[in-house]
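Colleague: task: produce atomic coordinates for the following.
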Amino acid sequence: MKNYFQKILALFTGNDYPGSTRQEFYKWLVDEEYVSEKDEALQTLWEEGYKSGTAPNLHQSYELLRRNAGIPSVREERRIRPIHIWQIAAAVFFIVAASSIYLSTIGKKVEPNLLQQYIPTAEVHTLTLPDGTKVQLNSQSTLLYPQEFTGKDRSVFLIGEANFKVKPNKKHPFIVKSNDFQVTALGTEFNVAAYPENPIIAATLISGSVLVEYNDLNSQMILKPNEQLAYHKHTRQYHLDTPDMNDITAWQRGELVFREMNVKEIITILERKYPYTFEYRLKNLKEDKYSFRFKDKAPLSEVMDVIVNVVGQMDYKIQGDCCYLIPK
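Modeller: I've put the predicted structure just below:
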């Protein structure tokens, strides 16, 4: 059975079909019948394509995604972010996988017209959804949403980070979904951070009230204003905290805030906020934790001057679109 589904998936991804055919494929993919077999076949296809390099249009699709998304090219082992399997999968199956996840979480009613908003590196954009909800998307974030909200709820799918100012509608709750984590609100403002490379997904309530569901949606908690629920995708543990709201919303104002992060974690964020690739040798990076705050749209050179001065035993050089970390 697995091979049967794998052949279907390979055939579909290896050819260019019209939009109507793709929508029929999405419906089949998210149908409740044989869900586990389809998931297993899709995962196997990703893994085999990654190992052999023979997945349909693998390299062309990845390069296209890389250019559009601002993901740095693969150069050498020193790169800060190796190309993870999710990035390869996104290159070949992004629309199929993301759309199927989104549609499967909505239910049997399939939205015919999904829209995708991607925010490139070093940019922050604001958009208004069909219901009037205001969304501010952080860099390297993707939001999937329907052209019209027609069901019993207003569901969107987020990869990355966004702030939502929800248009009140008690009859149709607003839901933000990200894998096995979702936030439901009636009329409120909240922040969701769900970057794929970060094992922690966090929902922070700014005003109003939200229901947060996690752990394959088997656990839930209602947040109060200024509360944050952080959920670890791998350990499935959660932590409830009351962070500084100025830190949580800093990215919306163009500010950079790092709280108790090591150098690698800091640079991962810098690569989202600046159009540069960071290169270094892993053994040269310290695991010490640091905290920094930088003003609105501070130039990278100013940020790096402070970081290397505090961290010590390292320097940096910006050359072209690369920032090299150099041991002293």
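
Colleague: was I right about G254 contacting F294?
Modeller: No: assessed by CB atoms under 8 Å, G254 is found out of contact with F294, at 9.5 Å. In short, each C-beta sits where N, CA and C put it, glycine included.

Colleague: quick one: which of these two has more around it?
Modeller: Neighbours per residue (other CB atoms under 10 Å) separate G254 from F294, with F294 holding more: 18 against 13.

Colleague: out of everything not next to it in sequence, what's closest to that one?
Modeller: Taking CB to CB, 6 or more residues apart in numbering as the measure, F294 lies nearest to L256, with 4.2 Å between them; neighbours along the chain are not counted.

Colleague: got the contact list for that neighbour?
Modeller: By CB atoms under 8 Å, 6 or more residues apart in numbering, the contact set of L256 is A250, I269, L270, K273, F292, R293, F294, A298, V303.

Colleague: and those residues, which of them are buried?
Modeller: A250, I269, L270, K273, F294, A298, V303 (16 or more other CB atoms under 10 Å).

Colleague: looking at these, which is nearest S207?
Modeller: A250 (17.3 Å; CB to CB).

Colleague: nearest spatial neighbour of the closest one, skipping sequence neighbours?
Modeller: Once its chain neighbours are removed from consideration, A250 has its nearest residue in V257; the separation is 4.3 Å (CB to CB, 6+ apart).

Colleague: the helix or strand the one you found falls within: which residues count as buried?
Modeller: Secondary structure assignment for V257, by DSSP states H and E: strand 256-261. Neighbour-count burial for strand 256-261, with 16+ other CB under 10 Å as criterion, is recorded at L256, V257, F258, M261.

Colleague: now do stretch 234-242
Modeller: Within stretch 234-242, the residues that qualify as buried by neighbour count (16+ other CB under 10 Å) are Y238.

Colleague: rewinding a little: okay, and which of the contacts of L256 map to strands?
Modeller: In strands, judged by DSSP state E, the following of those are found: F292, R293, F294.

Colleague: before we move on, the earlier item: okay, the buried residues of strand 256-261 in CSV with distance to Q182 and pLDDT next?
Modeller: What follows is the buried residues of strand 256-261, written out as CSV (distance: CB to CB, whole Å; pLDDT from 0 to 100):
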residue, distance to Q182, pLDDT
L256, 28, 94
V257, 26, 94
F258, 28, 94
M261, 26, 93
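
Colleague: now, which of these sits nearest D321?
Modeller: For the buried residues of strand 256-261, with D321 as the reference and CB to CB as the criterion, the closest is L256, at 19.2 Å.

Colleague: and the closest one, how far is that from K328?
Modeller: Going from L256 to K328 by CB to CB, to the nearest Å gives 24 Å.

Colleague: cool, F258 as well?
Modeller: Applying CB to CB to F258 and K328 gives a distance of 22 Å.

Colleague: got it, and A162?
Modeller: Per CB to CB, A162 is found 39 Å from K328.
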